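Asks: sequence first, predicted coordinates after that:
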Amino acid sequence: MEGEQVQTMRLRLTELEETRLKEEEKFDCNRQQEDMGAGKTAMEAATETEERLVVLSEASKRDRAKGMDAKVMKIMDIVREERVERVERANSVIRSYNDKERLQDTEHQSKNKKQMLEQHEKVTWAEEQIEEQEKNVNENNLTRGKVEPEEDSSGEERSETPELGMQESKWRRKSSAELHQDIVRLAGCPRSTRLRRRRLARAASLPQAEPQAEPQPPEGPVDGSMFLQATCDGHLRVVEHFLADGGDANTCDKLCRTGLHRASMEGHLEIVKCLLSAGASPIFQDRLGGSAVHWACRGGHLAVVRLLVEHGAALSSRDKLNSCPLHVATRTGHTDCTEYLIGAGANINARDWEGDTALHDAVRLGRYKLVRQLILHGADLQIKNCANKTPLDLVRKWDGERRGVFEREASSG
C-alpha cells in the first residue's frame, strides 16, 4: 500500500511539474508577444516623431530663409539709402564750394573795382592839386609882373604890362595827357626813388631761408622706422645706407605701406629708382589695397608713374574700393597722369565698387578739363553706375553753361 501511495504521489508531482512548465512556457510566449507589440509601437512612435521633426526642420528652414531674405533686402535698402545720402551730401558740398568760389570771385571783383576807384580818385586829386599849384604860380607871376611875353601869330611880342597881359593873353590849361605826365614825373621824383631804393635794400638785408642740407647717414645701423621716414623726407643717403646694410626694400609699417609707397606719394624720383633697383615690388599693396601707382597718381607725380609702369606696375590694380589708378588720378585732378595712363593702356571705362567710371568722377567733381580729355579718348557716356546714373545725368547738377558745353562735346564726339 505504501509503495502504491508513493508511486501515486510521484505521478502527481510529475503532472504538477509538467503543468507548471506548460504554464511558464505559455507565460513566456505571452510576454514575448507583448514585448514584440510594444517594440512595434515604439518603432512606429519613433518613426512618426522623426517625420514630425523633419517637417518641422523644413518649415524652420523655410522661415529662416524668408527671414534672411527679408534681412538681406533690408540691409540692401539701408546701403542704397546711405549711398544716395552720401552722393547727395557730396553734391551739397560741391555746390557749397562752388557758391563759395563764386562769392569769393564776386568779392575779389568788387575789391578790385574798389581799388580802381580809389586809384582813380587819387589820380583825380593829384591832377586837381597840380592844377591848383599851376594856377597859384600863374597868379603869383601876374601879381609880381613876371609874365613872360608871348609871341602872337604875326611874330610881334605882346605887351609886358601885367594889366595888358591879363586882358590880352588867354592862359592855356593843360590837357589830361600833360597832367598824366606830371603825375608820372611826381612818382619818379628823387624822393620816391630814394624810398624805393631804401625798401629794396631793407628787403635784401633780411635773412634768407637757407635750403636744408640732406643729413648725413648715421654711423650706426638704420632701423625700419628711420628708413621709412627717410623715404618720406627724401633722404637718399639714409635709404642707401639701410639697403647697403642688407635691409629689405619692401619694409613696411603697420598699414603695410612700404618705402616705395611713401616715396611715390612725395615724388622722390631718385629714391624710387634706388628702391626699384634694390628689389622693391611695384605691385605690393598696402592694407587698403593701394599700390605704388595709386600713391603716385594721388600725389600727381608723372615721372614716378612712368617709372613704375616701366618696371611692371599693373595699371589694372584695384584697391579696397575697387578703384584703379585712373580713378585716383581723376579724383585728384592730375590731367597729365590721366593722359599718360590712358595712353599706356589703362581701361578708360573701368568701374569702382559704386559702378562709377573715371568720367562719372570727373563730372561729379566738376573737372571740365578731365571731362573733355576723357570724352576725346573715347569714354562711354551711357554707362550707368549703381545709382542708375550716367555721366549725362550727373551733369544736371552743373550750371547751364557747363551743361551746354558738355552736351555739345558729347554730340560732336
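Replies: Good, I have the coordinates.

Asks: which non-adjacent residue is nearest residue 301?
Replies: residue 267 (3.7 Å; Cβ to Cβ, 6 or more residues apart in numbering). Where you see a C-beta, it was placed from the backbone N, CA and C, and this is true even at glycine.

Asks: just for the stretch 151-300 of the chain, where's the confidence low?
Replies: Within the stretch 151-300 of the chain, the ranges that satisfy pLDDT under 70 run 151-219.

Asks: circling back to that earlier point, tell me who's in contact with the residue nearest to residue 301.
Replies: 296, 299-301, 303-304 (Cβ atoms under 8 Å, 6 or more residues apart in numbering).

Asks: just the buried ones from those residues, in ChimeraX syntax?
Replies: Typed into ChimeraX, the next command selects the buried ones out of the contacts of residue 267 (criterion: 16 or more other Cβ atoms under 10 Å):
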select :296,299,300,301,304
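
Asks: and the contacts of residue 267, which of them are in helices?
Replies: 296, 299, 303-304 (DSSP state H).

Asks: how about CSV for those residues, with distance to residue 339 added?
Replies: What follows is these, written out as CSV (distance: Cβ to Cβ, whole Å):
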residue, distance to residue 339
296, 15
299, 16
303, 14
304, 15
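
Asks: and which of the residues you listed is nearest residue 91?
Replies: residue 299 (26.6 Å; Cβ to Cβ).

Asks: touching, that closest one and residue 263? I think so.
Replies: No - taking contacts as Cβ atoms under 8 Å, residue 299 lies outside contact range of residue 263: 9.8 Å.

Asks: ok so, going back, and the residue nearest to residue 301, how close does it get to residue 251?
Replies: 20 Å (Cβ to Cβ, to the nearest Å).

Asks: got it, and residue 225?
Replies: 9 Å.

Asks: also residue 300?
Replies: Counting by Cβ to Cβ, the gap from residue 300 to residue 251 is 25 Å.

Asks: flag the shaky bits of the stretch 301-413 of the chain, pLDDT-wise.
Replies: Using pLDDT under 70, the flagged stretches of the stretch 301-413 of the chain are 396-413.

Asks: helices along that one, start to end?
Replies: 302-310, 325-332, 335-343, 358-364, 368-376, 391-394, 400-412 (DSSP state H, counting those that start in this stretch).

Asks: looking at the ones you listed, which is nearest to residue 114?
Replies: Per Cβ to Cβ, nearest to residue 114 of the helices of the stretch 301-413 of the chain: helix 400-412, 27.2 Å.

Asks: how far does stretch 269-283 stretch from start to finish?
Replies: 17 Å (Cα to Cα, to the nearest Å).

Asks: quick check: buried residues in that stretch?
Replies: Those would be 269, 271-272, 274-276, 278, 280-282, for stretch 269-283 by 16+ other Cβ under 10 Å.

Asks: name the residues that touch that stretch?
Replies: For stretch 269-283, using Cβ under 8 Å, 6+ apart, the contacting residues are 231, 234, 236, 239-240, 243, 249-250, 258-260, 263-264, 291-293, 301, 303-304, 307-308, 311-314, 317.

Asks: so for residue 225 and residue 251, which sits in the more crowded spot?
Replies: Shown here are residue 225 and residue 251; by other Cβ atoms under 10 Å, residue 251 has more neighbours (18 against 10).

Asks: separation between the more buried one and residue 85?
Replies: Applying Cβ to Cβ to residue 251 and residue 85 gives a distance of 41 Å.

Asks: same thing with residue 4?
Replies: 118 Å.

Asks: in which helix or strand does residue 265 reside?
Replies: helix 259-266 (DSSP states H and E).

Asks: which neighbouring elements make contact with that helix?
Replies: helix 224-233, helix 269-277, helix 292-299, helix 302-310 (3 or more Cβ pairs under 8 Å, 6 or more residues apart in numbering; DSSP states H and E).
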